[in-house]
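[1] Need a 3D model of the sequence below.
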Amino acid sequence: MVVVDGSRDPVESLVRRCAGDVPVTYRRDDGEGPGAARNLGIRAATGEYVAFLDDDDRWLPEKVERQVASFDPGVVAVYTGQFAVRDGERVGGRTPSLSGHVTENLLRGEACAPTSTIMVRRSAIDAAGDFDEELPIWEDREWYVRLSEHGTFRPVPDALVRRGFGEYDQLTDDFEAARDVAYPRFLEAHRELAAEYGPACERALVASLSRTLGATAMENGRYGEARRWLLRSLRHDPRQRRTWLYLAVSVGGGPARRGVRRLRRTYESLASRG
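    Below you'll find the predicted structure:
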């Protein structure tokens, strides 16, 4: 199933040419966002497992087989490691670590998986529901919380997905959508659940969302807003060193952020060379 999220480019013929003899269902939504596009795919899927692939990402050939083999009883989602390629060099990467019952971890803001790395049992989707189409961003993070209430997550440690640098990365730059819609909607959906794990988990949820919002403001050059949200994050959880680092960068403004980016790219390039 191929879904085009609002693009007006004539890609149908390209999709069918690349698919060869494999039957392809091709649908176009009205540009309502990644959640709506993925829900179209979910509703058209007929198999026991559902996996996603954004157009700027690539699966390694063995990804699907490795994931299907990892679905023991009780496992609702299997996700893999990932890497990226910039200027022809392999850079970055993330090794999965969350495993088992991960609801509290997700509420506390621990990173899980981009959608291109995850495969989900269909029965778990039926139980948890589709992506929240009202969320302009963070829709994957919110969906994972609901999925995690119905079983366990299992990582495949190998990097089996090549991530791209494209449209979906830019969605996280929409600060106003994050501040005005995603932030309050996420808290409304899951703050009560976080409180069931204790006051520390509830504070960690608010702190992690506030930190993400502060980082998004910084990416948009809104350093005053960034400091406001990062300070809110620290009021709820002052132990997070990453938040203190973001705050320091926000004080330095554009030059500091550009310097950190250059350092990170240099580090990634050196690390990729061993």
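
[2] ok, residue 90 touching residue 82?
    No: applying CB atoms under 8 Å, one finds residue 90 not in contact with residue 82, separated by 11.1 Å. All C-beta spots, glycine's among them, are computed from the backbone N, C-alpha and C.

[3] Which stretches in the protein count as strands?
    With strands called from DSSP state E, the chain shows them at 2-4, 26-28, 49-51, 58-59, 75-86, 89-94, 118-121, 152-163.

[4] could you give the angle of the fifth one to strand 152-163?
    For the pair strand 75-86 and strand 152-163, the angle between their directions (axes from the mean of the first three to the mean of the last three CA atoms, to 10 degrees) equals 20 degrees.

[5] show me what contacts the closest residue to residue 43 other than its chain neighbours?
    Computed as CB to CB, 6 or more residues apart in numbering, the closest residue to residue 43 that is not its neighbour in sequence is residue 130, at 7.7 Å. Contacts for residue 130 were tallied using CB atoms under 8 Å, 6 or more residues apart in numbering; they are 35, 38, 39, 42, 43, 143.

[6] And residue 190, by the same measure?
    Residue 190 sits in contact with 107, 142, 145, 205, where contact means CB under 8 Å, 6+ apart.

[7] Quick check: residue 99 touching residue 152?
    Yes: contact criterion CB under 8 Å: residue 99 and residue 152 qualify, at 7.5 Å.

[8] So between these two, which is more surrounded?
    Neighbour tally, residue 99 and residue 152, criterion other CB atoms under 10 Å: the higher count belongs to residue 152, 17 against 14.

[9] tally of neighbours for residue 52?
    19.

[10] What about the residue nearest to it when sequence neighbours are not counted, how many residues nearby?
    What sits nearest to residue 52 in space, not counting adjacent residues and going by CB to CB, 6+ apart, is residue 115, at 4.4 Å. Residue 115 has 21 neighbours, counted by other CB under 10 Å.

[11] do residue 88 as well
    There are 5 residues near residue 88, going by other CB under 10 Å.

[12] separation between it and residue 164?
    Distance from residue 88 to residue 164, counting by CB to CB, to the nearest Å: 14 Å.

[13] residues bridging contact with the two, i.e. touching both?
    Counting by CB under 8 Å, 6+ apart, nothing touches both residue 88 and residue 164.

[14] number of nearby residues for residue 132?
    Neighbour number of residue 132 under other CB under 10 Å is 18.

[15] coming back round to it: could you identify which of the strands of the chain is most buried?
    Among the strands of the chain, the stretch with the highest mean neighbour count (mean count of other CB atoms under 10 Å) is strand 118-121, at a mean of 23.

[16] what's near enough to touch residue 75?
    Residues near residue 75 by CB under 8 Å, 6+ apart: 121, 151, 152, 153, 154.

[17] cool, and residue 82?
    93, 94, 114, 116, 117, 159, 160, 161, 162, 163 are the contacts of residue 82 under CB under 8 Å, 6+ apart.

[18] Redo the contacts of residue 130 as JSON lines? Include pLDDT and distance to residue 136.
    Below are the contacts of residue 130 laid out as JSON lines (pLDDT from 0 to 100; distance: CB to CB, whole Å):
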{"residue": "35", "pLDDT": "88", "distance to residue 136": "9"}
{"residue": "38", "pLDDT": "90", "distance to residue 136": "14"}
{"residue": "39", "pLDDT": "91", "distance to residue 136": "14"}
{"residue": "42", "pLDDT": "92", "distance to residue 136": "19"}
{"residue": "43", "pLDDT": "89", "distance to residue 136": "21"}
{"residue": "143", "pLDDT": "97", "distance to residue 136": "14"}
